[in-house]
Every structure is written in C-alpha cells, then in structure tokens.
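J.: have a look at this prediction, sequence included:
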Amino acid sequence: MTALLGISRLIDRVTEIIGKSVSWLILVAVLVSAGNAIIRKIFNMSSNAWLEAQWYLFGAAFMLAAAYTLSQNEHIRIDVVYGKFSRRVQHWIDLFGHVFFLMPFVLLMTYYLIPYVLMSVRSQEGSSSAGGLIVWPAKAILLFGFILLALQGVSEIIKKIAIMTGNMDDPTPYVPTHAPLDEAVIPEARP
C-alpha cells in the first residue's frame with residue numbers, strides 16, 4: 001500500500017501543478033474576449049480565429065482542471081442524499097462511483113479519443129470557419145484532459161481504499177453544507 005500511496009501522491013502533485021497553472025487560462029480567455037469585443041465595436045472588425053481562441057482557452061481550462069477539481073473533492077454531488085450517510089458509507093459511495101462510473105467513462109473516452117486525435121493531427125485538420133484556427137490542438141487537449149482525469153481517478157481509488165483500510169487519514173472529511181430542514185431557522189412571515 002505504501003508504494004501505491006506514493007504513486008497517488010505523484011499523480012496528485014502533477015494534477016495540482018497542471019490544475020493551478022491552467023487557472024490562468026480563464027483570465028486569458030476573458031482578455032481575448034474583451035479585446036475581440038472592443039475591436040469589433042470600435043473598428044467594426046472581427047475574426048473567427050479570436051472567437052475560436054476563446055473557445056480553446058475555456059475548453060483547455062475546463063478539461064485540464066477537471067482532474068484537479070476531483071483531487072480537491074469539489075465535483076458536484078447530490079448533497080441531499082450523500083450528506084445523510086456516515087463518513088464510512090460516503091467512502092463506499094465514492095469508491096463505487098469512481099470504479100463503476102468515473103473510470104469506465106474516462107477510459108472509454110480516452111479509447112475513442114486516441115484515433116480521433118491522431119486522425120486530426122495527421123490531416124492537420126483546420127476550422128470549418130473562414131479564418132479559423134487549426135483544430136487538432138483542441139482535440140489533443142480534450143484527450144489529455146481525459147488522461148489526467150483517468151490518472152486522478154486511479155489516485156482517488158487508491159486513497160479511498162487506504163482510508164477505508166486504515167492506512168491513511170481522511171484528507172477531506174466531508175462536512176454537509178446544508179442543515180436539515182427541521183434544524184434550519186426559518187424566519188417568520190411578516191403580515
């Protein structure tokens with residue numbers, strides 16, 4: 001288990017570096033979007049390349065940060081049900097979800113994206129819009145994002161098993177974000 005936890009820490013570190021680095025792509029996307037809008041309004045000019053660059057930047061930020069989001073336990077879950085269970089049951093739910101939902105999905109996506117990306121790279125696929133960008137880098141980012149998500153899924157499975165077997169402390173204890181309705185303070189209606 002020690003070797004597996006070492007692999008998990010390495011995956012987590014790589015995911016963290018990439019996830020934090022690509023957060024800057026959102027700022028770049030906003031600047032490109034604002035610059036494109038200003039140029040379009042002032043000079044009555046526009047470019048499909050700038051519009052596609054915004055899309056590429058946002059897509060890259062989303063895909064490359066997905067694994068980091070998973071590592072930080074920040075993906076959306078149905079809190080109404082999940083929060084009612086003990087932490088042990090929550091770990092089992094997470095493990096089940098990682099093994100039977102996350103991993104099959106990301107591995108299937110990776111399997112289908114490899115030939116899709118290779119074909120795009122070989123043909124130097126370009127945009128169908130006049131003046132657009134080449135397409136294969138966006139497809140390659142999509143593939144790389146799913147590979148990162150698959151690796152982070154492996155890391156999460158290792159950590160869940162380690163936590164459940166007592167080989168590791170829980171790094172992200174779950175705290176319900178919503179109080180049950182019977183405990184919530186509901187303000188009285190004013191006449």
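T.: Arrived safely. Given the structure is predicted, the values throughout are model-derived calculations rather than measurements.
J.: contacting residues for the nearest residue to Ile147 once chain neighbours are set aside?
T.: Distance criterion C-beta to C-beta, 6 or more residues apart in numbering; nearest residue to Ile147, sequence neighbours excluded, is Thr110 at 5.9 Å. To be clear about C-beta, it is placed using only N, CA and C from the backbone, and glycine gets the same treatment. The contact partners of Thr110, by C-beta atoms under 8 Å, 6 or more residues apart in numbering, come to Leu143, Phe146, Ile147, Ala150.
J.: for the helix or strand encompassing the second one, buried residues please.
T.: It refers to Phe146. Using DSSP states H and E, Phe146 sits in helix 136-164. Within helix 136-164, the residues that count as buried by 16 or more other C-beta atoms under 10 Å are 136, 138-163.
J.: now that helix: mean pLDDT?
T.: The average pLDDT within helix 136-164 is 95.
J.: kindly report the same for stretch 73-88.
T.: Mean predicted lDDT for stretch 73-88 stands at 78.
J.: centre of the chain to that stretch, how far?
T.: 18 Å (C-alpha atoms, centre = their mean, to the nearest Å).
J.: where does the prediction get shaky in this protein?
T.: 77-78, 174-191 (pLDDT under 70).
J.: how about 90 then?
T.: 1-2, 36-37, 39-41, 43-52, 54-55, 72-91, 124-134, 166, 168-191 (pLDDT under 90).
J.: from His75, how far off is the residue positioned nearest the centre of it?
T.: The residue lying closest to the centre of the chain (C-alpha atoms, centre = their mean) is Ala66, at 1.2 Å. According to C-beta to C-beta, to the nearest Å, Ala66 stands 8 Å off from His75.
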